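Colleague: From the sequence below, what's the structure:
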Amino acid sequence: MKGIHQGSVEKIVGKLFLLLLFICNADRVRGQLAADSLTAALTTQYQQNGFPGFSVSIVNSDSILYEHAFGFADLEKNIPYTTTTVQPIASISKLFIGMAVMKAIEQGLFTLDTDINSILPFKVQHPYTPKIPITLKQLVTHTSGITDNPAAYKKTYLYNPPLQEDNPIYSLLKSKGYGAKGQDTTLGAFLQDYLSASGTYYSNNNFDKAAPGKRYEYSNIGSDLAAWLIELKSGISFAQYTQQYILQPLQMTHTTWSTATADQAKLATLYTGLKVPYPTYSSVMYPDGGLTTSCHELSLFLKENIAGREGKGKILTAASYATMLQPAFSTAYNPKNIDPGEPNIGVFYAMKKNGIIGHSGSDGGVTAFLFFSPTKGYGMLLITNTELEGLNGVNKKLLTGFEKIWGTMSHYAGKLHPVK
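Modeller: This next block holds a predicted model:
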């Protein structure tokens, strides 16, 4: 800096500061314009698509870049759907099992190679290949050979009191066999009834004919079993475990594992594709799809996943995130029946052909998407209180609307995510 007077230095620094301030303000203005344009576009799509209500967010590892809600949480009462409205998110819940599994591994409770029979209080034996053990890795990658028998799985649903017996959907569901009985009211009891050879719901149809590790078959029951292994080894319920190690650290204070324990003032009514309300329900097998949360709080979870992928997460170590989010299938481990659209999987994390990672969710009156792009550094989620496919089959209008909303979010996400 020799030869430059102090006054000249101050002028140069001042100009640089003003330039940086201008750039930062310009970025904020561009971001706000993009957010306003996205809101306008989604408002138009809400008016056209027929959803009762929905909420969306776009996040990166540092912040929630955009969140907004549209429509109604309750059509009859004209209650708006907000970013703090809570509802079930169906199978996105499995990502919380995945994160909990990795936390339990960090604590030394088991490994991905652990034989499940070394933990269970009863024996699970694959009826077609009884000498081949089932491992935790097979549970978290849906390759265990444990399948969902619809006749038994229907018995896992619970109707929240007071029973809405005048609800037409309640009557229809009961007539189709949906609803748990008295002996099915705990996670462990149902799993034993389903998987133990002496169990009430045991059948060879509860298993795939292929040996463990040889065939991919999406399994809610297998997912619940992974959650129960955590319960058995930790000595506390799976709900308590995730509350302590995931929900509380992420400040997901209004997130619960049942609609029955959720803040009822914030709870959305769920609808069929024809906008007929469901009775409020929960599930004995709550880990596979019962998490009840809001767009805002689920955004905090998504943000943590992106941060973890970038080596700066706070729930797990960088090594655990790497394991959780790395592809499990390879030439050495290549089970049959893999979906070409989702050719790989981490620890419950679906990996799409286009490179995004996350999960979708679908249940009675529920549709949800949560995915992030490791290469682009941002993720998106969409939750709605209606079903795209359910009692009335596939609602093509809603499906088209859902795809348009997701596509619109994708278009604006890059404008909202600052280039580093």
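
Colleague: hang on, S55 packs against G71?
Modeller: No - counting by C-beta atoms under 8 Å, G71 is not a contact partner of S55; they are 9.1 Å apart. In short, each C-beta sits where N, CA and C put it, glycine included.

Colleague: Overlap in contacts, these two.
Modeller: Y81 (C-beta atoms under 8 Å, 6 or more residues apart in numbering).

Colleague: Let me see the ranges of the strands in the chain.
Modeller: Applying DSSP state E to the chain gives strands spanning 53-60, 64-74, 79-80, 86-88, 157-159, 281-283, 292-294, 344-345, 350-351, 357-363, 366-373, 378-384, 389-390, 393-394.

Colleague: Would you mind putting the ones you listed into a markdown table with mean neighbour count alongside?
Modeller: Shown next, in a markdown table, are the strands of the chain (neighbours: other C-beta atoms under 10 Å):
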| stretch | mean neighbour count |
| --- | --- |
| strand 53-60 | 26 |
| strand 64-74 | 21 |
| strand 79-80 | 14 |
| strand 86-88 | 29 |
| strand 157-159 | 21 |
| strand 281-283 | 23 |
| strand 292-294 | 26 |
| strand 344-345 | 20 |
| strand 350-351 | 22 |
| strand 357-363 | 20 |
| strand 366-373 | 24 |
| strand 378-384 | 25 |
| strand 389-390 | 18 |
| strand 393-394 | 10 |
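
Colleague: can you tell which of those strands is closest to T111?
Modeller: T111 lies closest to strand 344-345 among the strands of the chain, at 18.0 Å (C-beta to C-beta).

Colleague: Partner strands of that closest one and their direction?
Modeller: Applying DSSP bridges, strand 344-345 is found paired with strand 350-351 (antiparallel).

Colleague: quick one: average pLDDT of the partner strand?
Modeller: Mean pLDDT, strand 350-351: 98.

Colleague: For it, give me every contacting residue.
Modeller: 327, 342-345, 357-360.

Colleague: so which of the residues you listed would you say is closest to Y202?
Modeller: The closest of the contacts of strand 350-351, once distances to Y202 are taken by C-beta to C-beta, is I345, at 27.2 Å.

Colleague: And that closest one, what's its pLDDT?
Modeller: 98.

Colleague: Next up, the contacts around it.
Modeller: Contacts of I345 (C-beta under 8 Å, 6+ apart): 141-142, 216, 327-329, 351.

Colleague: Widest-spaced pair of those residues?
Modeller: The widest separation within the contacts of I345 (C-beta to C-beta) is 13.8 Å, between H142 and P327.

Colleague: Between these two, tell me which one has more neighbours.
Modeller: H142 (25 against 14; other C-beta atoms under 10 Å).

Colleague: Just give the nearest non-adjacent residue to K415, would you?
Modeller: A34 (4.0 Å; C-beta to C-beta, 6 or more residues apart in numbering).

Colleague: and that neighbour, how far is that from L416?
Modeller: 5 Å (C-beta to C-beta, to the nearest Å).

Colleague: In space, not sequence, find me the middle residue of this protein.
Modeller: Centroid check for the chain by C-alpha atoms, centre = their mean gives I92 as the closest residue, at 1.6 Å.

Colleague: dump the residue contacts of that one.
Modeller: I92 touches 291, 298, 358-361, 368, 370, counting by C-beta under 8 Å, 6+ apart.

Colleague: now do 7 Å
Modeller: By C-beta atoms under 7 Å, 6 or more residues apart in numbering, the contact set of I92 is 359, 361, 368, 370.

Colleague: The last one: what's it in contact with?
Modeller: Pointing back at L370 there. Here L370 is in contact with 92, 298, 302, 358-359, 381 (C-beta under 7 Å, 6+ apart).

Colleague: One more: the third one?
Modeller: For A368, the contact set (C-beta under 7 Å, 6+ apart) comprises 89-90, 92, 360-361, 382-383.

Colleague: repeat that for 8 Å
Modeller: 89-90, 92, 360-362, 381-384.

Colleague: if we can go back for a sec, and the strands of the chain as CSV, adding distance to T147?
Modeller: Putting the strands of the chain into CSV (distance: least, C-beta to C-beta, whole Å) gives the following:
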stretch, distance to T147
strand 53-60, 32
strand 64-74, 35
strand 79-80, 39
strand 86-88, 23
strand 157-159, 18
strand 281-283, 18
strand 292-294, 26
strand 344-345, 16
strand 350-351, 18
strand 357-363, 18
strand 366-373, 22
strand 378-384, 28
strand 389-390, 20
strand 393-394, 23
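
Colleague: for these, which one sits closest to T269?
Modeller: Using C-beta to C-beta, the strands of the chain put strand 64-74 closest to T269, at 4.6 Å.

Colleague: Paired strands for that closest one, with orientation please.
Modeller: Paired strands of strand 64-74, defined by DSSP bridges, are strand 53-60 (antiparallel), strand 79-80 (antiparallel).

Colleague: contacts for that strand?
Modeller: Residues contacting strand 64-74 (C-beta under 8 Å, 6+ apart): 31, 35, 38-39, 42-43, 46, 51-59, 78-83, 85, 87, 266-269, 295-296, 299-300, 303, 378, 385, 412-413, 416-417.

Colleague: one more time with 7 Å
Modeller: Contacts for strand 64-74 (C-beta under 7 Å, 6+ apart): 35, 38-39, 42-43, 46, 51-59, 78-83, 85, 268-269, 295-296, 299, 303, 378, 385, 416-417.

Colleague: The residue lying closest to G401 once chain neighbours are set aside: neighbour count?
Modeller: For G401, ignoring the flanking residues on the chain, the nearest one in space by C-beta to C-beta, 6+ apart is N49 at 2.7 Å. For N49, the count of nearby residues is 22 (other C-beta under 10 Å).

Colleague: Please apply the same query to N78.
Modeller: N78: 8 neighbours (other C-beta under 10 Å).

Colleague: try A260
Modeller: The burial count for A260: 17, using other C-beta under 10 Å.

Colleague: you'd agree it is up against Y159?
Modeller: No - applying C-beta atoms under 7 Å as the test, A260 and Y159 come out as separate, 9.8 Å apart.

Colleague: which residues are in contact with both of the two?
Modeller: Going by C-beta under 7 Å, 6+ apart, no residue sits against A260 while also sitting against Y159.

Colleague: Let me have the strands paired with strand 64-74 in a markdown table, extended by distance to Y286 and mean pLDDT.
Modeller: Shown next, in a markdown table, are these (distance: least, C-beta to C-beta, whole Å; pLDDT from 0 to 100):
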| stretch | distance to Y286 | mean pLDDT |
| --- | --- | --- |
| strand 53-60 | 22 | 98 |
| strand 79-80 | 25 | 98 |
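
Colleague: Output those as a markdown table; include the columns distance to Y241.
Modeller: Converted to a markdown table, those look like this (distance: least, C-beta to C-beta, whole Å):
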| stretch | distance to Y241 |
| --- | --- |
| strand 53-60 | 25 |
| strand 79-80 | 33 |
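
Colleague: Thanks again, I'm all set now.
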